[in-house]
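Visitor: okay, predicted coordinates and the sequence, questions at the end:
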Amino acid sequence: MPKITAVRPIQVNRILYVSIETDDGLHGVGESGAWAYQEAAAEVVKTFADYLVGQDPRRIEHHWQFMYRAYHFRGAVIMGALSAIDIALWDLAGKRLGVPVHELLGGAARERVRVYKHVAGATVDELINDCKKAQNEGYTAVGHLSPFLDIDRGERLETSNAQYVSGAVSVLKTLRAEVGDGLDLCVELHRRLSISESVTFGQAVADVMPMFIEDPVRPDNLDSMALVASSVPVPVATGERLHTPEEFQMLLSRYPLAYTRISVCLAGGITGAMKIAAIAESVGSKVVPHNPLSPVSTAACLQVSSAVANLGIMELPDHSVASATERYTASNQSERQEFDQTAMLSPIPETVDGHVSVPTGSGIGIDLDFEIASRNPATRVETLSRLGADGAVVDQ
């Protein structure tokens, strides 16, 4: 019987990896999705390590249940740690058997995985150009697309409500006219609207035909999200902040949202993601894995995306530059660590015509170069919320 000999949290830049080693010379790698609180998640990994060392790594479901149900508390930090460990255990299982993880999940449900590329722009022209660049690269969908544009969190929101909503509507209409109908628009609203504003916005952009609008309101109140989804003529996506199967079940029982966003590195790893995907499938909701992290997250998301029957599309950031969490949370350019993630992780999946082939390598199909990773020191995420004209906090 193989035994776990070490469970190590590895912090790189704003990323938290977990490496699990066994007495037969194998190691598995996972990633935590609690990206703003990786220091705390690393401490949780150390607590779980006390239990895991000496255990049989093959008992993945048992270990998931043991860690998840050990004490009274839940939360993103705990689930981020559990998720990274779970992914590493699945990576080990696939490596031990010499097969990709999706074969252990029932086999591939498709030949390739459709992905959308991250786009951004601080101006309308910048956003249009980024979308056209994605089109030229063969993508048929773009996401992380903010019609409010990518404004620094330190810049105050000073506009009327009407200008705020109508301006975002105008951006989408302009964008659709520029790129045509050959590009699906996965619109990221980042919880910026009230219920009434969300309904107004959703009705106003119906002719733009977005693939979905994501998180129009804060997801903390499941009833609010369900009310918006049932009141607009466009598909709604949510789920990236949720981190237990029970939360998804309660949400989808209120209203069967068109798209369920599963944070594989936050909602219980591959084990948790498969539970949530089954809940979504039962109500006709399609899965869109939330993947703003590093290539380890992409590798884990690809395994889930390959296996589930109800995949909608998968998020795919640009891994050749600093992590998305680094780019979108640093308050100014000078504070960002610019490094090529592909230098420390391989192989990176190739995108062809907006799709990535189902992975064939063993485990999750990617390995971390620990020596190169050590050259990029851990950095804390700055606590920074955007303020309105009156100095009160607004969502971004």
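Guide: In hand now; what should we look at?

Visitor: pLDDT below threshold where in this structure?
Guide: For the chain, the stretches flagged by pLDDT under 70 are 153-154, 327-337.

Visitor: how is it divided into domains?
Guide: 4-100, 103-364 (automatic domain parsing).

Visitor: need the ones you listed in TSV with distance to residue 380 and mean neighbour count, can you?
Guide: For the C-beta atoms, the positions are set from N, CA and C on the backbone; glycine is no exception. Shown next, in TSV, are the domains of the chain (distance: least, Cβ to Cβ, whole Å; neighbours: other Cβ atoms under 10 Å):
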stretch	distance to residue 380	mean neighbour count
domain 4-100	7	20
domain 103-364	10	20
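
Visitor: any chance of those domains in a markdown table, plus distance to residue 382?
Guide: Listed next are those as a markdown table, based on distance: least, Cβ to Cβ, whole Å:
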| stretch | distance to residue 382 |
| --- | --- |
| domain 4-100 | 9 |
| domain 103-364 | 6 |
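
Visitor: those: which one's closest to residue 396?
Guide: Nearest of the domains of the chain to residue 396, taken as Cβ to Cβ: domain 103-364 at 5.7 Å.

Visitor: can you give me the helices for the stretch 101-250 of the chain?
Guide: Shown for the stretch 101-250 of the chain, the helices assigned by DSSP state H, counting those that start in this stretch span residues 101-104, 124-136, 161-179, 195-204, 222-231, 245-254.

Visitor: JSON lines for the ones you listed, including distance to residue 110?
Guide: Converted to JSON lines, those look like this (distance: least, Cβ to Cβ, whole Å):
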{"stretch": "helix 101-104", "distance to residue 110": "10"}
{"stretch": "helix 124-136", "distance to residue 110": "22"}
{"stretch": "helix 161-179", "distance to residue 110": "26"}
{"stretch": "helix 195-204", "distance to residue 110": "30"}
{"stretch": "helix 222-231", "distance to residue 110": "26"}
{"stretch": "helix 245-254", "distance to residue 110": "22"}
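
Visitor: nearest to residue 55, out of those?
Guide: Here helix 101-104 is closest among the helices of the stretch 101-250 of the chain (Cβ to Cβ), at 18.6 Å.

Visitor: surely residue 310 touches residue 289?
Guide: No - the pair residue 310 / residue 289 is not scored as a contact, 11.7 Å apart, by Cβ atoms under 8 Å.

Visitor: give me the common contacts of the two.
Guide: Contact criterion Cβ atoms under 8 Å, 6 or more residues apart in numbering; residues shared by residue 310 and residue 289: none found.

Visitor: wait, what's in contact with the closest residue to residue 385 other than its chain neighbours?
Guide: Distances taken as Cβ to Cβ, 6 or more residues apart in numbering place residue 393 nearest to residue 385, at 4.9 Å, with adjacent residues excluded. In this structure, residue 393 makes contact with 385, 386, 387, judged by Cβ under 8 Å, 6+ apart.

Visitor: alright, I will stop here.
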